[in-house]
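S.K.: below are the sequence and a predicted model; questions follow.
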Amino acid sequence: MTDLDLDALADWLDDEARPEECLDIHGLHGYLTALTVCGEPLDDEWLANALGASLHDLPEDEAQWFADHCVALCQAIGNELYSDDQVGVTFEPTVDWQDSPMQFWCEGFMEVVFARPERFTHPNEDNLATLLLPIEVGSGFFADEADYQPLYRQPKLLKQMFDQIPELLTDLYLLLNSPEKL
């Protein structure tokens, strides 16, 4: 998927004709990254959830265009994960995480984690928790929880955690998709 394709998708998602629940390009990229990381196939239900409406609510050519671009983006993400390249995310990590593209990306990722928790399990729970923690914190979904609040008061730690997100995605992918040792 080219940068022009990504820009066209971003513009389409930001169009006022989209439902309020529609993910922006950052949220969609995080969402599709999570689907790819956990090996969940992209289908009409996932696309409708990302769109905030049924694909049948769109003109057929628009629905097909959206689906095709999401498939292409998933394939690009999958290729980066499979080739052990750092995944190109749509945000710059920032400690000013609230209402940032990074937060929207992390929220999109976490939507899949919440929807399919069984796909985000591993016998090495500590390693899995360590890999998911920066994304959980970046989403802000846990900002009011007592266990997470000390993290939000440490800007240096936040910077370190958020800077790790692009590179930890490959580790997370490998953890969830590699066969267990016999």
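M.R.: Now that the structure is in, tell me what you want to look at. Numbers count the residues shown, from 1 in each chain.
S.K.: elements contacting the one helix or strand Leu35 maps to?
M.R.: Assigned by DSSP states H and E, Leu35 falls within helix 25-38. Packing partners of helix 25-38 (3 or more CB pairs under 8 Å, 6 or more residues apart in numbering; DSSP states H and E): helix 3-14, helix 44-51, helix 60-82, helix 101-115, helix 155-177. No exception for glycine: its C-beta is placed from N, CA and C like everyone else's.
S.K.: just the ones you listed: most buried one?
M.R.: helix 101-115 (a mean of 22; mean count of other CB atoms under 10 Å).
S.K.: quick one: contacts of whichever helix or strand comes after that helix?
M.R.: Toward the C-terminal end, the helix or strand that comes next after helix 101-115 (DSSP H and E) is helix 125-139. Helix 125-139 has contacts (CB atoms under 8 Å, 6 or more residues apart in numbering) with 97, 102-103, 105-107, 109-110, 113, 120-122, 142, 148, 151-152, 158, 161-162, 164-165, 168, 171-172, 175-176.
S.K.: one more time with 7 Å
M.R.: Residues from elsewhere that reach helix 125-139 (CB atoms under 7 Å, 6 or more residues apart in numbering): 97, 102-103, 106-107, 109-110, 122, 142, 148, 151, 161-162, 164-165, 168, 171-172, 175.
S.K.: same deal with stretch 56-65?
M.R.: By CB under 7 Å, 6+ apart, stretch 56-65 touches Leu55.
S.K.: please redo it, this time with the cut-off set to 8 Å
M.R.: In contact with stretch 56-65 (CB under 8 Å, 6+ apart) are residues 12, 51, 55, 66.
S.K.: span of it from start to end?
M.R.: In stretch 56-65, first residue to last residue: 13 Å (CA to CA, to the nearest Å).
S.K.: any idea of the mean pLDDT in it?
M.R.: For stretch 56-65, mean pLDDT rounds to 96.
S.K.: from the chain's centre, how far out does that stretch sit?
M.R.: Distance of stretch 56-65 from the chain centroid (CA atoms, centre = their mean, to the nearest Å) equals 23 Å.
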